[in-house]
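# Need a 3D model of the sequence below.
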Amino acid sequence: MPSFHFKWTYFILFILLLLTEIYIGAYVHDRLIRPVGGDYLVVILLYCLARSLWEWPVKWTALTVLIFAYMVEVTQYFGLADALGLGSHSLVRIIIGSSFSWMDIMAYTAGIGTVLGLESISKKREVKY
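Down below sits the predicted model:
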């Protein structure tokens, strides 16, 4: 079982991404950054949170976060928020969302692809030094 292991670097990245997501949610009302950029960043945010708390392998963590994001999107497809009777402005409804989109799936995938690319670059830099 993975052990708890706090990493400041990932935690700081998580906080910065969380603040960015809050800013996007509160002030950006467009057709690209809010819906697609927010979903792209949210998987990176979740990845950084997981890596800040646990000593899990990079690929396993990335895959777990991606599957979780896909599962949330599937609940949107089946209308879980409506089935649970959540109000239109409840925090839970905002978190789980209410509408399925293939663009969201692509944004999640691109976000995790970015994570894996950056982790690969980081790993190569560690080996050199």
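# Need the nearest residue in space to residue 43, chain neighbours excluded.
residue 111 (3.9 Å; C-beta to C-beta, 6 or more residues apart in numbering). No exception for glycine: its C-beta is placed from N, CA and C like everyone else's.
# now swap in residue 36 and tell me
residue 107 (4.9 Å).
# Residue 8 now?
The shortest distance from residue 8 to any non-neighbouring residue, by C-beta to C-beta, 6+ apart, is to residue 52 (7.6 Å).
# Just the local confidence number for the one you found, please.
Here, the pLDDT recorded for residue 52 equals 97.
# so which strand or helix has it?
Here residue 52, judged by DSSP states H and E, is contained in helix 38-53.
# so how far is that helix from its chain's centroid?
For helix 38-53, the separation from the chain centroid amounts to 4 Å (computed by C-alpha atoms, centre = their mean, to the nearest Å).
# What count of nearby residues applies to residue 41?
Around residue 41 there are 19 other residues, counting by other C-beta atoms under 10 Å.
# Which pLDDT value belongs to it?
So, for residue 41, pLDDT stands at 98.
# Would you confirm that residue 40 contacts residue 105?
No - Residue 40 lies out of contact with residue 105 (C-beta atoms under 8 Å); the separation is 11.3 Å.
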